[in-house]
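Asks: model the following, please.
(one chain, ligands or ions: 3)
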Amino acid sequence: MQDGLDLFVNDDFRRFLDNDVLPLHGLETETFWRDLKQLISDLAPVNRQLLATRTRLQQQIDQWHKEQQGQPMDMAEYESFLRDIGYIVKADGDVTVSTDHVDDEIAQLAGPQLVVPLKNARFALNAVNARWGSMYDAFYGTDVIERGELDLAGGHNAQRGQQVIAKAKDFLDEIFPLDQGSHHDVTSYVVYYHHLLAFFADGRQTGLKKPCQFVAINGQKADPESLLLKNNGLHVEIKFDRNGKNGISDKANIDDILIESALTTIMDCEDSVAAVDAEDKLEVYQNWLGLMQGTLETSFEKDGETHTRRMNPDRIFSDLDGEVYRVSGRSLMLIRNVGHLMESDLIQDSKGDFVPEGIIDAVVTALIGALDLQREAGLSNSRTGSIYIVKPKMHGPEEVAFSCELFARVEQLLGLAKNTLKIGIMDEERRTTLNLKECIRMAQERVVFINTGFLDRTGDEIHTSMQAGAFLPKDQIKQQVWIDAYENRNVDIGLQCGLQGRAQIGKGMWAMPDEMAMMMKTKIAHPKAGANTAWVPSPTAATLHALHYHQVDVFAEQESIKQRTPVTFTDLLRIPIIQPGQALSAEIIQREIENNVQGLLGYVVRWVEAGVGCSKVPDINNTALMEDRATLRISSQHLANWLLHGICNKSQVMDVMERMAKVVDEQNKTTAGYQPMAPEGKTASEQASFAFKAAQDLIFNGVEQPSGYTEPLLHTYRVRAKAAAKQ
Ligand SMILES: CC(=O)SCCNC(=O)CCNC(=O)[C@H](O)C(C)(C)COP(=O)(O)OP(=O)(O)OC[C@H]1O[C@@H](n2cnc3c(N)ncnc32)[C@H](O)[C@@H]1OP(=O)(O)O
Ligand SMILES: O=CC(=O)O
Ligand SMILES: [Mg+2]
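Replies: Ligands and ions are numbered 1, 2, ... in the order given. Next comes the predicted model:
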């Protein structure tokens, strides 16, 4: 619909804003659309200019590598070339961030950050409620306790139940030790005046080694329903029920231990979501509206029962003086907008051009986010009046500055106080990593996190240096110096810029959602590395990863990290390519191709044909991996790179694609409505489904994709698949 202001706005989108959102703000629709048009006409050209700069720089880098071919890499010369072309910008002295009105979950506390596709209301509600999670369920339902021969299918297994309880009590002994004895032997807990007392079978009693860890209670002091403990700022609730499933057989009648888990959640509009047109975007925005109003609700069937899911209220206890002790029942929500690349059919400008989707996302998610600021209590989100927007895939300081300018303009448009819109900077493109301090400078009044998105960062590592040579196999890329340099320097710079106490220094996703034992062993490295948050893929992973923040005092770690020698800049520039004389065996090459292709097809088929933006896909070793657009960027760019440098050839990759299409079809055969890529009697090439063609383009035209991003091709084929399904 053209509105007299030379904007063509999708009818449903227009109705949504005019009828469902703008009246809640008391904003005049005419004024809103007029001001929005002005904002678009001022900022869309700048957005396009930034994309043109990306292209120019990439062409210069490609050219440089081509000219250097066959010569050993001179790191000094390489660095000076990157400076000459403006890829690395001049550093401009110290930066001290001044972000204020930041909620404690971001500024003061350290704990897991959950990410969830916002298009999925059931998951999104689960995520917001993942502030609290059952330790017993997390231990029982995952491999953190070896499953062995135990059959978990048919109801509760008492033997495993005992192992869960024992492990939970080990945790209590480690984090909330008693002055004497062990939680394993306690028969009852009572509160006497301000003290928690634990009694043993022989009548002895003891208190906590650190009595101040006991902060609140529910129920009677002599017979508590629950006790609230606190360590490193995080709460743990011991729940009692002498008739409960676990409490009935427990010495002290402990029925469960609840862990404060996902302190923050990123509601994702980006890489875990397949939203290719106005219809899809509206679903995403409607869910955000429901979350910001506290009204989102969804019903679904599970285990033969209908469940209705809503946002949880805050949790109320009595403190030691009998006063109300309130703890949030919900994860603090941030929202990840899309980056600067894509354009959307939601709005066309006067020339008929689609408007940059990042601009629309900023306006709409802030407009809806601002509804939260009108609420004092209830199911509100920010207690400090901020709206948290995570901005992904920005290339360098200029692009961060642009996002901040956009946010400032949105604040004016909506009449919000300056710096209400906070920015989370994803450090996930090479140009951002190399210029991180300057990026922070551009956002110094609103930055609330710098997060190492190592998945996109790996994709960009490959694409940027596509012409430099053939990359190592994926597993080896992770072991080269560049990645440690990137991770450590992110923390160093964050600390130098004064993020401590104001913002998060974040680390990336645990991408093996079913491998929780392995996560427990390895992800403790994140808090130890000075990160006060790190990403998890599910509520259960949040509950388990939260335990790490009890074991590690991140802020103390940060103090010691401040004293270390900063990373050598050159290490960041070392490209993880195969060195001369370092040949790969035919077997390794074949396996790498098969692994990449399997993951790629498994993800793309669900994205293109079913609109699922994030999937659990088995790799070649049958380990389920979280796949999203960032992991697809890696696998497609990796294959494109090997094809370019002759490590493999097109027919070899096609052969693997044909075989893997069948494997993926088999993996999906029980999924309702699944259309096989290679149905009986046909090869995948003959069938030429949208998904298979998208996969071919992602690989064989991978070199040409802007920054190696996958969204242009995914969107193109998903739009076609949707159109075909409607015919
Ligand atoms: C590089 C990056 O950008 S990383 C950021 C993007 N990635 C993400 O956001 C990952 C989000 N995670 C997910 O989407 C999912 O966990 C997947 C796709 C990895 C696995 O999903 P599934 O195969 O459906 O998981 P699974 O069957 O094990 O568990 C489903 C249950 O867990 C819940 N769940 C799983 N992931 C999440 C999540 N991120 N948030 C909330 N709940 C979740 C579901 O609600 C569901 O529970 P329910 O039946 O009570 O509703
Ligand atoms: O967004 C996260 C990443 O790793 O990419
Ligand atoms: Mg990313």
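
Asks: using the three-state scheme, assign the residue sitting nearest the centre point of the chain.
Replies: Residue closest to the average C-alpha location in the chain (Cα atoms, centre = their mean): Val115, at 4.0 Å. Classification of Val115 using DSSP: H, G, I helix; E, B strand; the rest coil returns strand.

Asks: who in this structure is up against ligand 2?
Replies: Counting by Cβ under 6 Å from any ligand atom, the chain comes close to ligand 2 at Asp271, Pro392, Met426, Glu428, Gly453, Phe454, Leu455, Asp456, Gly508, Met509, Ala630. Any C-beta I mention is one placed from the backbone N, CA and C, and that applies to glycine too.

Asks: make it 8 Å
Replies: Proximity of the chain to ligand 2, by Cβ under 8 Å from any ligand atom, involves residues 115, 270-271, 392, 426, 428, 451-459, 508-509, 535, 628, 630.

Asks: now stretch 567-585: buried residues?
Replies: Across stretch 567-585, burial judged by 16 or more other Cβ atoms under 10 Å covers Val567, Asp571, Leu572, Leu573, Arg574, Ile575, Pro576, Ile577, Ile578, Leu584.

Asks: check the gap between the last one and ligand 3 for me.
Replies: Between Leu584 and ligand 3 the distance is 28 Å, computed by Cβ to the ion, to the nearest Å.

Asks: Gly646 is in contact with that residue, correct?
Replies: No - applying Cβ atoms under 8 Å, one finds Leu584 not in contact with Gly646, separated by 12.0 Å.

Asks: tell me the contacts of the closest residue to ligand 1 within the stretch 251-400 of the chain?
Replies: Closest contact between the stretch 251-400 of the chain and ligand 1, by Cβ to the nearest ligand atom, is at Ser272 (3.6 Å). Shown in contact with Ser272 (Cβ atoms under 8 Å, 6 or more residues apart in numbering): Val115, Val116, Pro117, Gly613, Cys614, Asp628, Arg629.

Asks: which residue, other than its chain neighbours, is closest to it?
Replies: Excluding the flanking residues, the one nearest Ser272 by Cβ to Cβ, 6 or more residues apart in numbering is Cys614, at 3.6 Å.

Asks: how about the strands in the stretch 251-400 of the chain?
Replies: 254-260, 264-268, 297-302, 305-310, 315-319, 324-327, 332-336, 343-348, 354-356, 387-391 (DSSP state E, counting those that start in this stretch).

Asks: tell me how far the residue of the stretch 251-400 of the chain closest to ligand 1 lies from Leu632.
Replies: 11 Å (Cβ to Cβ, to the nearest Å).

Asks: repeat for Asp314
Replies: If you measure Asp314 against Leu632 using Cβ to Cβ, the figure is 39 Å.

Asks: who's more crowded, those two?
Replies: Leu632 (27 against 14; other Cβ atoms under 10 Å).

Asks: specify the local secondary structure of that one.
Replies: Under three-state DSSP, Leu632 falls in the helix class.

Asks: skipping adjacent residues, who's closest to it in space?
Replies: What sits nearest to Leu632 in space, not counting adjacent residues and going by Cβ to Cβ, 6+ apart, is Thr710, at 4.8 Å.

Asks: count of neighbours near the one you found?
Replies: 28.

Asks: what residues does it make contact with?
Replies: Thr710 is in contact with Arg629, Leu632, Arg633, Ser636, Leu698, counting by Cβ under 8 Å, 6+ apart.

Asks: of these - the most surrounded one?
Replies: Neighbour counts for the contacts of Thr710, by other Cβ under 10 Å, peak at Ser636, which reaches 30 neighbours.

Asks: got the contact list for Asp143?
Replies: For Asp143, the contacting residues are Asp514, Glu515, Met516, Ala517, by Cβ under 8 Å, 6+ apart.

Asks: ok, the closest residue to the residue nearest to the centre of the chain other than its chain neighbours - contacts?
Replies: Nearest residue to Val115 in three dimensions, chain neighbours excluded: Ile266, at 4.6 Å (Cβ to Cβ, 6+ apart). Applying Cβ under 8 Å, 6+ apart, we find Ile266 in contact with Gln113, Leu114, Val115, Val116, Met333, Leu334, Ile335, Arg336, Val390, Gly424, Trp535.

Asks: tell me what Ile266 is bridged to.
Replies: Taking DSSP bridges as the rule, Ile266 bridges to Val115, Leu334.

Asks: report the separation between the closest residue to ligand 3 within the stretch 51-200 of the chain and Ile335.
Replies: Per Cβ to the ion, the residue of the stretch 51-200 of the chain with the smallest distance to ligand 3 is Val115, at 9.7 Å. According to Cβ to Cβ, Val115 stands 11 Å off from Ile335.

Asks: likewise for Gly459?
Replies: Distance of Gly459 to Ile335, computed by Cβ to Cβ: 23 Å.

Asks: just checking, Tyr189 touches Phe200?
Replies: No - in this structure, Tyr189 is not within contact of Phe200 by Cβ under 8 Å, at 11.2 Å.

Asks: more neighbours, the two?
Replies: Applying other Cβ under 10 Å to Tyr189 and Phe200 shows that Tyr189 carries more neighbours, namely 21 against 17.

Asks: show the pLDDT at the residue nearest to Leu632.
Replies: Listed pLDDT for Thr710 reads 98.

Asks: show me the contacts for the residue nearest to Asp94 when sequence neighbours are not counted.
Replies: In space, and not counting its chain neighbours, Asp94 is closest to Gln496: 7.5 Å by Cβ to Cβ, 6+ apart. With contact set as Cβ under 8 Å, 6+ apart, Gln496 has these partners: Asp94, Val95, Lys437.

Asks: the top helix by length along the chain: how far from the chain's middle?
Replies: Ranked by number of residues, the top helix in the chain under DSSP state H is helix 29-68. In terms of Cα atoms, centre = their mean, to the nearest Å, the centre of helix 29-68 is set 25 Å apart from its chain centre.

Asks: now that helix: buried residues?
Replies: Neighbour counts over helix 29-68 (16+ other Cβ under 10 Å) mark 32-33, 35-37, 39-40, 43-44, 46-47, 50-51, 53-54, 57-58, 60-62, 64-65, 68 as buried.

Asks: quickly find the element holding Ile238.
Replies: Using DSSP states H and E, Ile238 sits within strand 234-240.

Asks: check which helices and strands that strand is in contact with.
Replies: On a contact count with 3 or more Cβ pairs under 8 Å, 6 or more residues apart in numbering; DSSP states H and E, strand 234-240 meets strand 223-231, strand 254-260, helix 539-551.

Asks: distance from that strand to the middle of the chain?
Replies: With Cα atoms, centre = their mean, you get 27 Å for strand 234-240.

Asks: sheet partners, orientation included, of it?
Replies: Within its sheet, strand 234-240 is paired with strand 223-231 (antiparallel), strand 254-260 (antiparallel), according to DSSP bridges.

Asks: can you tell me which of those is packed in deepest?
Replies: Of all these, strand 254-260 has the most neighbours on average by mean count of other Cβ atoms under 10 Å, namely a mean of 24.
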